[in-house]
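Asker: Sequence plus the predicted model coming up.
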Amino acid sequence: MDHAFRVKLLGVRGTLPVSGDAFTRFGGGTSCVLVEAGETCILLDAGTGLLTPEAAACYGKKRLTLLISHAHADHLLGFLMFPPLFQKDCRCDVYMKTRAGLDARQQIERLMTPPLWPIDTTGLKAQMQFHDVAETFFIDGVRVDTMESRHPGGSTIYKLSYGEASLVYATDYEPENDAPDAFCAFAGGCSLLLLDGQYTEEEYEACRGFGHSTIGRSAAIARSCGAACTRLVHHDPKRTDAQLLAMEAHLQAENARIRFGRGGEEVVL
Ligand SMILES: [Zn+2]
Ligand SMILES: [Zn+2]
């Protein structure tokens, strides 16, 4: 068994993609993470980070799995133009929890259907398989555990375990306090925690209930659950590189294991 477990952050921006000189260090692409566990290739979410050059590692693969947290547009826009989905010899398994009576394919077709988009999922050339999300399932040798997030309309938090290492992907999550019991039990002791950190404490006052965490609260949760290493993600679209770097210096002064995720960054577990 090949035990290489590589995690590449393709997009760490929240809500909407951004571009320009102020966003080059952390990147402007929305939620997308590439996970390579041995020969198994898994993508967490399909935001515009899926359209960055680093995603080319997936091109030509015969099998891909997409684990989608929820159907908000910032988590699906990259799906519309992802080259392997137009590749006949690729089998692509897409997992997304049934919500509001719509299964995975139907939720994607809310975005990918005329007149919003010229084709629907029947125009994809890959062998597409759409799945609901169970509490626990396996993709080859990777164990996938899931829990429900606190987010308007719902969202799925994923834990991927392979060999001795584990990755928790918890974006679009509004924790109720600094040490939420269910989440800390779920994520406890993980190797890498990717955790929503969209707002500052000041911003949160006007954004309570929007389904996102704050930088301070998420740093506290990362400590509470004993994650070996944490990257805060889903950066607010207005957050510039300069602001993120200044806030990261404060975070790191308290705990060197917590940083802000950067688009293109790779972590080997
Ligand atoms: Zn989002
Ligand atoms: Zn969302």
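Answerer: Now that the structure is in, tell me what you want to look at. Ligands and ions are numbered 1, 2, ... in the order given.
Asker: gap between Ala187 and ligand 2?
Answerer: For Ala187, the distance to ligand 2 (CB to the ion, to the nearest Å) stands at 19 Å. The C-beta positions use only the backbone N, C-alpha and C, and glycine is treated the same way.
Asker: For stretch 56-71, buried residues please.
Answerer: Cys58, Arg63, Leu64, Thr65, Leu66, Leu67, Ile68, Ser69, His70, Ala71 (16 or more other CB atoms under 10 Å).
Asker: what does the stretch 1-150 of the chain put close to ligand 2?
Answerer: His72 (CB under 5 Å from the ion).
Asker: Please repeat the previous calculation with a cut-off of 6 Å.
Answerer: Applying CB under 6 Å from the ion, we find that the stretch 1-150 of the chain lies next to ligand 2 at His70, His72.
Asker: Which stretches in the stretch 1-150 of the chain count as strands?
Answerer: 5-11, 32-37, 40-44, 63-67, 91-95, 127-131, 136-139, 142-148 (DSSP state E, counting those that start in this stretch).
Asker: counting contacts, what elements does the fourth one pack onto?
Answerer: What it means is strand 63-67. strand 40-44, strand 91-95 (3 or more CB pairs under 8 Å, 6 or more residues apart in numbering; DSSP states H and E).
Asker: ok so, going back, same list (the buried residues of stretch 56-71) but as a markdown table, adding distance to Ser166 and pLDDT.
Answerer: Converted to a markdown table, those look like this (distance: CB to CB, whole Å; pLDDT from 0 to 100):
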| residue | distance to Ser166 | pLDDT |
| --- | --- | --- |
| Cys58 | 22 | 92 |
| Arg63 | 22 | 97 |
| Leu64 | 21 | 98 |
| Thr65 | 17 | 98 |
| Leu66 | 20 | 98 |
| Leu67 | 14 | 98 |
| Ile68 | 20 | 98 |
| Ser69 | 17 | 98 |
| His70 | 22 | 98 |
| Ala71 | 26 | 98 |
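Asker: and of these, the nearest to Met96?
Answerer: Ile68 (4.0 Å; CB to CB).
Asker: correct me, but that closest one touches Ala46?
Answerer: Yes. Between Ile68 and Ala46 there is a contact under CB atoms under 8 Å: 6.3 Å.
Asker: how much space between the residue of the chain most remote from its centre and ligand 1?
Answerer: Distance from the centre of the chain peaks at Pro115, with 27.6 Å (CA atoms, centre = their mean). Distance, Pro115 to ligand 1, using CB to the ion: 24 Å.
Asker: and if you look at Pro17?
Answerer: 11 Å.
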